[in-house]
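J.: Got a predicted structure here, sequence first:
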Amino acid sequence: MNRFTPFEWIAAMRFMREGLVQTLLIVAGVALGVAVIVFMSAALAGLQTNIIRRTLNYMAPIVVIPPQQVARPLRGGEKGSAVLVQPRSQQLRSIDQWQKARAQIERLPEVTAVAPVVSGPGFALRGDANKAVNITGIEPETYLGVISLADKIVDGKLSVASSDIIIGTELGEDLGAGVGDKLRLTTATGASATLNVTGIFDFGNKRVNEANVYISLHVAQSLLNLVGGVSSLEVKVRDPFDAETIAQIIQDETGQEADSWIKTNAQFFTAMLAQTLTNRLIRFFVGLTAALGIASVLVVSVVQKSKEIGILRAMGTSSGQVLRLFLLQGAVMGLAGSILGSGLSFVFLSLFRGIARNPDGTLMFVIEIDAPLLAVTAIGATLVGLLAAALPARLAARLDPAVAIRG
Amino acid sequence: MSVAETASPETLRLEGVRKSYGVGTPVETEVLHGIDVRIKSGEFAALIGPSGGGKSTLLNLIGLLDQPTRGKVWIQEVETEKLDDAERTRLRGRSIGFVFQYHYLLPAFTALENVMMPMLAVRGFPDDAMRERAAMLLDEVGLTPWKDHRTNDISGGQQQRVAVARSLAMKPALVLADEPTGNLDTNTADGVFDVLRSVNETSGTTFLIVTHDPRLAQRCDRIIELVDGRLVADRPNLNVVRRSGAVFSESAQPAA
């Protein structure tokens, strides 16, 4: 008993030590719950960031394209007239006044980069081999702000001067082309260009590696017959999860069509939301279970100690002191459990690191338990403990000393 | 009323105290039917009577653990009717000590800490003065060698003596003892009673002791008898036996 520890703290500690087995069991229970919550949250966050990173690797969060062309029948809606409307074929078009649209988009505070892009279908030919490719004409200085292509170059360098082309690893293998080799690009308009392979990229996605080729914007414009125009503006935003909202704003402001990655990957996104929701649900129930555990241990303790509480009250202990005594026990159990549980989650994590590896031995995805998550969990568990102790503490504080002592 | 005629101040005064249970229900029962008692400072009084006669109810009212349905209770000339719960708790903590049939010590604490507990509860933080007073009280009841033992590790008589020391911690004006020796064998009971008596003589603390044991009642200065919720007798005990002859024999031996 030291002179700076208040009565409530001394008594709470002694009571918990007295029922040591009960206390340890419930702390262990809380610790397990906390470990599961911390680990699951961290694992899910790691998994999701990983998937998002892989998707946004080769894809801009928002792609702005010209609005779809629709067929407008000259006469329509008149009663008795049958009109057959055939949908229009969508030709490759430039965004109308794309410089103006780009300036408008750049003014949005959430937007970090805008890159004009010309993309369209073509063929890559080398010797007897030819492959259908997706030609993407870029300005490296703007495009790199949206897609970190430079990080993906595995051979050669990132250079798209007018006679340069960057191809993926798969396409290189298919055509037998490496850095320094020449290949020809042709398009449906009949235009063609012979280009030098200056770099090989690898996005870790086979489809992208075999179909995408990057050339300079000017060359793409002439190949795809879109001189002076761009087929899309690729937009990067600060928070990828806001992409859909920002896409709506862009659509309203520019009159162009803006597709967010959330919309184009709707299925995947729904799955991810479901995961997040499931995680929240599990967290809630784990928390609830821990709270019920603490509450039940304390209720039993109040019943067991009702005579002692009665005598404490008879000796002049206020009902507020009794209330705090039990609230403290709940809070301490919650906090102790959360500290232990955080440690335990690191054990889970290292076990998981041993299991979740790619065939080549690299980590499947990175999970990091960050300090804020631990702090939030510790505070949360303490609050849960306090809340759980509220009922037993009230029970104890309201105990009629005369009745309690009589038993 | 010879004892009450001295000029010493009143520690306790009851006027027309009635207590009913189940007030407002069809089963309302009155267990105390108008009790008037005055106890002067320094008295050593016994409250006797058959079981179910209302002794414990009366003790709870005096100890401010319960409130009368009608009538008034003064503790050290403070009228307690209008006090709120916190004020009653404070007055109880300062002025009244309790010893019960069962000791109700806190097993999580040592004997010394149990004696400190009332001071700690009232003042909030422990200090050396508390520790010294608790040690002094344990010495008075002959338990110095056991002061650092957990209360579960000492005998029943020793536990009850710790409870007596604890009841004196706040230097209360009045100690209420509800069958303080009811759980003890004759010799041990005599020892505990000797402690109560000597505290009364040395410090002038007022005692009101509920007992079933006529032998122990004979050792009190005044005997109040309560039957069916009414005072049927209140007389000074002229043949008071002050000493039992029992000594603290067990305090010299380690706990069983």
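T.: Great, that's in hand. Residues are numbered from 1 along each chain as shown, chains lettered A, B, ... in the order given.

J.: any idea how far A:Arg93 is from A:Ala193?
T.: 21 Å (Cβ to Cβ, to the nearest Å). All C-beta spots, glycine's among them, are computed from the backbone N, C-alpha and C.

J.: To clarify, my last question referred to A:Val403.
T.: From A:Val403 across to A:Arg93, the span is 87 Å (Cβ to Cβ).

J.: low-confidence ranges in the stretch 1-150 of chain A?
T.: For the stretch 1-150 of chain A, the stretches flagged by pLDDT under 70 are A:1, A:73-83.

J.: Kindly apply the preceding question to the stretch 251-400 of chain A instead.
T.: In the stretch 251-400 of chain A, residues with pLDDT under 70: A:358-366.

J.: how about 90 then?
T.: Counting by pLDDT under 90, the stretch 251-400 of chain A contains low-confidence ranges at A:253-255, A:261-276, A:278-280, A:282-319, A:342-382, A:384-385, A:395, A:397-400.

J.: Not counting sequence-adjacent ones, nearest residue to the residue in it that chain B sits nearest to?
T.: Going by Cβ to the nearest Cβ, chain B is nearest to A:Gly316 of the stretch 251-400 of chain A, at 1.8 Å. Closest residue to A:Gly316 apart from its sequence neighbours, by Cβ to Cβ, 6 or more residues apart in numbering or on different chains: B:Gly93 at 1.8 Å.

J.: how about the one you found, secondary structure?
T.: Under DSSP: H, G, I helix; E, B strand; the rest coil, B:Gly93 falls in the helix class.

J.: pLDDT at the residue of the stretch 51-200 of chain B found nearest chain A, what is it?
T.: Among the residues of the stretch 51-200 of chain B, B:Gly93 lies closest to chain A, at 1.8 Å counting by Cβ to the nearest Cβ. For B:Gly93, the pLDDT comes out at 85.

J.: what helix or strand is the nearest residue to B:Ser167 once chain neighbours are set aside on?
T.: Spatial nearest neighbour of B:Ser167, chain neighbours left out: B:Gly97 (3.2 Å); criterion: Cβ to Cβ, 6+ apart. For B:Gly97, the enclosing helix or strand under DSSP states H and E is strand B:96-99.

J.: So which residues make contact with that strand?
T.: Residues from elsewhere that reach strand B:96-99, judged by Cβ atoms under 8 Å, 6 or more residues apart in numbering or on different chains: A:311, A:314-315, B:62-64, B:75, B:118, B:160, B:163-164, B:166-170, B:172-178, B:180, B:196, B:205.

J.: would you list every one of the strands in chain B?
T.: All strands of chain B, identified by DSSP state E, fall at B:10-21, B:29-40, B:44-48, B:70-75, B:78-79, B:96-99, B:174-178, B:206-210, B:222-227, B:230-236.

J.: residues from the stretch 151-256 of chain B in reach of chain A?
T.: B:166, B:170 (Cβ under 8 Å from any Cβ of the partner chain).

J.: what's the spacing between B:Gln218 and A:Leu312?
T.: 34 Å.

J.: How about A:Thr23?
T.: 20 Å.

J.: For the two, indicate the residue with more neighbours.
T.: Counting neighbours by other Cβ atoms under 10 Å in any protein chain shown for A:Thr23 and for A:Leu312 shows that A:Leu312 has the greater number, 26 against 19.

J.: which SSE is that one in?
T.: Using DSSP H and E, A:Leu312 falls in helix A:306-314.

J.: What parts of the stretch 1-150 of chain B come near chain A?
T.: B:56, B:60, B:63, B:65-66, B:85-86, B:89-90, B:92-94, B:98, B:100, B:102, B:104, B:106-109, B:113, B:116-118, B:120-122, B:124-128.

J.: how does it look with 7 Å?
T.: B:60, B:63, B:65-66, B:86, B:89-90, B:92-94, B:98, B:100, B:104, B:106-109, B:113, B:117-118, B:120-122, B:124-127 (Cβ under 7 Å from any Cβ of the partner chain).

J.: just the buried members of these?
T.: Applying 16 or more other Cβ atoms under 10 Å in any protein chain shown to the residues of the stretch 1-150 of chain B next to chain A, the neighbour count classes B:60, B:63, B:65-66, B:89-90, B:92-94, B:98, B:100, B:104, B:106, B:108-109, B:113, B:117-118, B:120-122, B:126 as buried.

J.: buried residues in stretch A:386-396?
T.: A:386-396.

J.: and it, is it in reach of chain B?
T.: No - Stretch A:386-396 lies apart from chain B when judged by Cβ under 7 Å from any Cβ; the minimum separation is 14.0 Å.

J.: B:Ile39 is in contact with B:Leu208, correct?
T.: Yes - at 6.5 Å, B:Leu208 and B:Ile39 qualify as touching, with contact defined as Cβ atoms under 7 Å.

J.: anything in contact with each of those two?
T.: Contact criterion Cβ atoms under 7 Å, 6 or more residues apart in numbering or on different chains; residues shared by B:Leu208 and B:Ile39: B:Ala45.
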